[in-house]
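J.: Take this sequence and fold it.
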Amino acid sequence: MPAAQGGEGCEIFMTKRHVYAIERKHDVVEVWASRTGNCCQAVRVHWRIAGSDDGGGTAVEGLHYKKSSGELFFPAGSTVCAHPACVPLIDSEFWEPVREFAVVLDKVVLGEDHAHIGKLSCTVVTIVDADL
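T.: Just a heads-up that it's a prediction; the model follows:
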């Protein structure tokens, strides 16, 4: 684990598995990350989607969710990111089976000398179609 000035670093991880029922055309799923350890420094971590095209699940980019990626920011002293990773979901007019994709913490882009991504580096989002 990388050491920080003045103590040990922090570990960043995804918070939980998400099950999301699509009920309207413009749903967005919010995914949060947390950190433990020495949280005295600000940290920014990049995230991305892993879908059917790269072994991350059965959901297809452009068909079940919109292409998304970004950065999560942890202010100094905070154990939870300031804003969630937001992934717009796409609803079809017809019922579809359950689909999944993963939100993956890719790399630390600010505070890399202080923070590292832990074992829980991704979370699975399960999309349940509400059309009956």
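
J.: Lys119 and Phe13 touch, don't they?
T.: Yes - counting by C-beta atoms under 8 Å, Lys119 does reach Phe13; the two are 7.3 Å apart. For every residue, glycine as well, the C-beta is placed using N, CA and C.

J.: Counting neighbours, go ahead and name the busier of these two.
T.: Shown here are Lys119 and Phe13; by other C-beta atoms under 10 Å, Phe13 has more neighbours (16 against 6).

J.: part of a helix, is that one?
T.: No - using DSSP: H, G, I helix; E, B strand; the rest coil, the secondary structure at Phe13 is strand, not a helix.

J.: That one and Leu63: what is the separation?
T.: Per C-beta to C-beta, to the nearest Å, Phe13 is found 29 Å from Leu63.

J.: what's the answer for Val80, then?
T.: For Val80, the distance to Leu63 equals 31 Å [C-beta to C-beta].

J.: Also Asp113?
T.: According to C-beta to C-beta, Asp113 stands 40 Å off from Leu63.

J.: so His18 sits right up against Thr123, yeah?
T.: Yes - proximity of His18 to Thr123 meets the contact threshold set by C-beta under 8 Å, at 6.4 Å.

J.: so what sits against both of these two?
T.: Contact criterion C-beta atoms under 8 Å, 6 or more residues apart in numbering; residues shared by His18 and Thr123: Val31.

J.: which SSE is the residue lying closest to Val80 once chain neighbours are set aside in?
T.: With sequence-adjacent residues excluded and distances taken as C-beta to C-beta, 6 or more residues apart in numbering, Val80 is closest to Ser34, at 5.3 Å. Using DSSP states H and E, the secondary-structure element containing Ser34 is strand 33-37.

J.: For that strand, list the C-alpha coordinates in CSV.
T.: Taking C-alpha atoms only, strand 33-37 is exported to CSV below (Å, rounded to 0.1, in the frame of the first residue of the first chain):
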residue,chain,number,x,y,z
ALA,A,33,-17.7,5.0,-3.5
SER,A,34,-16.2,5.2,-0.1
ARG,A,35,-12.7,5.2,1.4
THR,A,36,-11.1,4.0,4.7
GLY,A,37,-7.8,4.8,6.3
